[in-house]
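Engineer: Build the 3D model from these lines:
(chains A, B and C)
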Amino acid sequence: MKEKKVFKRTKGLTDIPMRYCPGCGHGIIHRLVAEVIEELGVLKRTIGIAPVGCSVFADEYFNCDMIQPAHGRGPAVATGIKRTRPDCIVFSYQGDGDLASIGMAETVHACARSENITIIFVNNAIYGMTGGQMAPTTLIGMKSTTTPFGRDVKVAGYPIKVCELLAPLEAPGYLVRVSVHKASQVMKAKKAIKKAFQVQMDGLGFSLVEIISPCPTDWFLTSLQAVEFAEKQMIPYFPLGEFKTPYKKEEVKKEAKEGIEVEYRTDFN
Amino acid sequence: MNEKILMKGNEALAEGAVRAGCRFFSGYPITPQNEIPEYMSWRLPEVGGTFIQAESEVSAINMLFGASACGIRVMTSSSGPGISLKQEGISYISGAELPIFYADIMRGGPGLGNIAPAQGDYFQATRGGGHGDYRVIVFAPNSVSEMGNFPKICYELADKYRVPTMVLADGLLGQMMEPIVYNFEPVDPKDLPEKDYTLGCAEGRERRVIRSYDLRPGYLEKNTLRLGEKFKKIEENEVRYEKINLEGADIVIVAFGTASRVCKSAIPLGKEDGIKIGLLRPITLWPFPMKVLNQIADKVENILVVEMNIGQMVEDVKLAVEGKAKVHFYGRPSGGIPTTEEIFEQVKKILKR
Amino acid sequence: MSRIEVDEKRCKGCELCVIACPFGVLALSDVFSSTGYYPAKMVKPEKCTGCTLCALVCPDVAIEVYKEVKKTGAKK
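Structural biologist: This next block holds a predicted model:
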């Protein structure tokens, strides 16, 4: 019997086993980014930026040059790198606390300058590494170690929708929100990530892929319950789809109808 | 040969950095250092460099982190309040052992303070300023000429030891105009040796990682001890100072930057009254000229430290003299600039003349 | 017959692959792996179609998939 390897480990990842919790979305997202870099043939000229948070270890897992700066400063560091080495592909991997809380200024301004970089924004609505505190994207009513009775908007305000926040700016090239909670969404997420890197390679400016990612440990759920939580709680609040694309909108919409591409959203403002 | 030019201190510093090979600048406006980013905004594009006005000092220093990781000579500048914000990045850059150069054109503090010249950032500069065990090589110029010529030395030391280096000046040095002759030929970045730790094209080599963290038990301690050895080496080899009129002095004044200029003009006043005033001007504030001060303390009974703050360097002087001489202090903080007469008054008071 | 290989050093028994498989091929083992988890394994190997859905959702990149190559049309 003849067989063919149809799914193999990407060269974009190192051999080191990832130390994330069971069922954590980071591993899937790492793999998608690594596969995209490998498939685009830019592994040898990619520089990745690891955040502070659970994925601080990303610098061990991605098989390309990596740098690990301070909490939230990824977009600024990416700016320095990309302006110095425009021939390199630069991506900043960041969590919700890193990007949408402490690093919000860096994010908005890198976007406004239309820095030709790609940001992988992992939204799991919680501070994972520090043990489950409230994140800027923690859902209303959601429990965390600093909102033990559920997030009360009178005390802690509302979750931030990053794609919707950035979309009205003139500058961004590509803004999209995807999810990795189930296989069909994982495939779409990979398409979106690939498009984001393509936008950078085409020199079309700032691209950001927001990815809804399960965090079973700090959501206090099993990995299967976490998948359900992502689908039933997260996605209704953080609707999936493209918010901005440099490619022709009609084409994207047509593709979306045919089920190939991520849906293009016009209903967010 | 380089010609003599009349320049503002801040501009001389910026031009000096460009001539020393700087090709990346990111900064944020703050008085009294604005001439530096302004100058860089047109000068760097001329030489194929990058200028970015960042959204904050925090972002500016992190842009430097990224650019330095790619191997080029980089610079930022600010004044006290902005340097405070940059400390986070400087600490990370020290941890990652990347070379950067920056300037603090001091103003009155604490807080927003004022925009007058002061020397209140001595502790912040010489103690590292941010979190963790690290040091920054600090140069304190006292003329426009030194403002322009120090960047090259700073870049060389930063590259040699892979540490941040800085120029600590004040609003007066930044704003005043003086003639300057650059004492070095412009550096072409292409002629600089390639660094073996920078990020970029990984073709034909192993991937590289630049980071400041190490969670493996015991490893960070070893690494920090290694950094400690490096700092010790810098303390041994890179101390710079200027000795003026020290031989047979009745009293020795220790002052840096603007304060040292004023103190220097007190020397002739002393001559008229038969008092021989010596002056030791630390040029590097870290590493501090400990040894030479200790030797001076063997020969002189009284040392007067003059600063434009409420007493910061005086602590280093006390450490250096190990109680062998009396250390006196005269300070004018937050915009006050001591006059020659004031200083001479202090000298007479100390010597009971 | 198609099949998958689970790298037991990487698998943390999160069960995502188990629910991803449309044919119920996978289940968690009842024996600890060297890393202290119950790794995923094939319990109905004959039903595997090599669709890769399990590998797509695996957060630890622990699954590799081999698809049977049918010799259709070889003699035509």
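
Engineer: Run a quick neighbour tally on B:Met165.
Structural biologist: Let me fix one detail, which is that residue B:165 is Thr and not Met. By other Cβ atoms under 10 Å in any protein chain shown, 25 other residues sit near B:Thr165. The way it works is simple: take the backbone N, C-alpha and C, and place the C-beta from them, glycine included.

Engineer: Shouldn't it be within a helix?
Structural biologist: No: read with DSSP: H, G, I helix; E, B strand; the rest coil, B:Thr165 is strand and lies in no helix.

Engineer: For it, give me its contacts.
Structural biologist: When contacts are counted by Cβ atoms under 8 Å, 6 or more residues apart in numbering or on different chains, B:Thr165 is found next to B:99-101, B:136-139, B:154-155, B:157-158.

Engineer: Tell me how many other residues crowd A:Ala171.
Structural biologist: 16.

Engineer: and the closest residue to A:Gly72 other than its chain neighbours, what does it touch?
Structural biologist: In this structure, A:Gly72 finds its nearest non-sequential neighbour in A:Gly103, 2.6 Å apart by Cβ to Cβ, 6 or more residues apart in numbering or on different chains. Contact analysis of A:Gly103 by Cβ under 8 Å, 6+ apart lists A:71-75, A:94.

Engineer: what about 7 Å?
Structural biologist: A:72-75, A:94 (Cβ atoms under 7 Å, 6 or more residues apart in numbering or on different chains).

Engineer: helix, strand or coil for residue 205?
Structural biologist: Chain wasn't specified; assuming chain A. With three-state DSSP as the criterion, A:Gly205 reads coil.

Engineer: I was thinking of chain B, sorry if that wasn't clear
Structural biologist: With three-state DSSP as the basis, B:Arg205 sits in coil.

Engineer: what residues are up against the residue of the stretch 1-150 of chain B found nearest chain C?
Structural biologist: The minimum distance from the stretch 1-150 of chain B to chain C, using Cβ to the nearest Cβ, falls at B:Ala69 (27.5 Å). B:Ala69 makes contacts with A:67, A:81, B:98, B:198-199, B:210, as judged by Cβ under 7 Å, 6+ apart.

Engineer: The closest residue to B:Gly132 other than its chain neighbours is in what secondary structure piece?
Structural biologist: The shortest distance from B:Gly132 to any non-neighbouring residue, by Cβ to Cβ, 6+ apart, is to B:Ser91 (5.4 Å). B:Ser91 is part of helix B:80-95 when elements are defined by DSSP states H and E.

Engineer: would you list the contacts of A:Gly103 in CSV and tack on secondary structure and distance to B:Glu178?
Structural biologist: Below are these laid out as CSV (DSSP: H, G, I helix; E, B strand; the rest coil; distance: Cβ to Cβ, whole Å):
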residue, secondary structure, distance to B:Glu178
A:Gly72, coil, 41
A:Arg73, coil, 38
A:Gly74, helix, 42
A:Pro75, helix, 40
A:Gln94, strand, 47
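
Engineer: Give me the buried subset of those residues.
Structural biologist: Among those, those buried by neighbour count (16 or more other Cβ atoms under 10 Å in any protein chain shown) are A:72-75, A:94.

Engineer: which one of these is nearest A:Leu204?
Structural biologist: A:Pro75 (16.9 Å; Cβ to Cβ).

Engineer: Grab the nearest non-local neighbour of that closest one.
Structural biologist: Per Cβ to Cβ, 6+ apart, closest to A:Pro75 is A:Ala110, 3.5 Å.

Engineer: is it true that the one you found lies in a helix?
Structural biologist: Yes: the assignment for A:Ala110 is a helix, going by three-state DSSP.

Engineer: I am finished for the moment; much appreciated.
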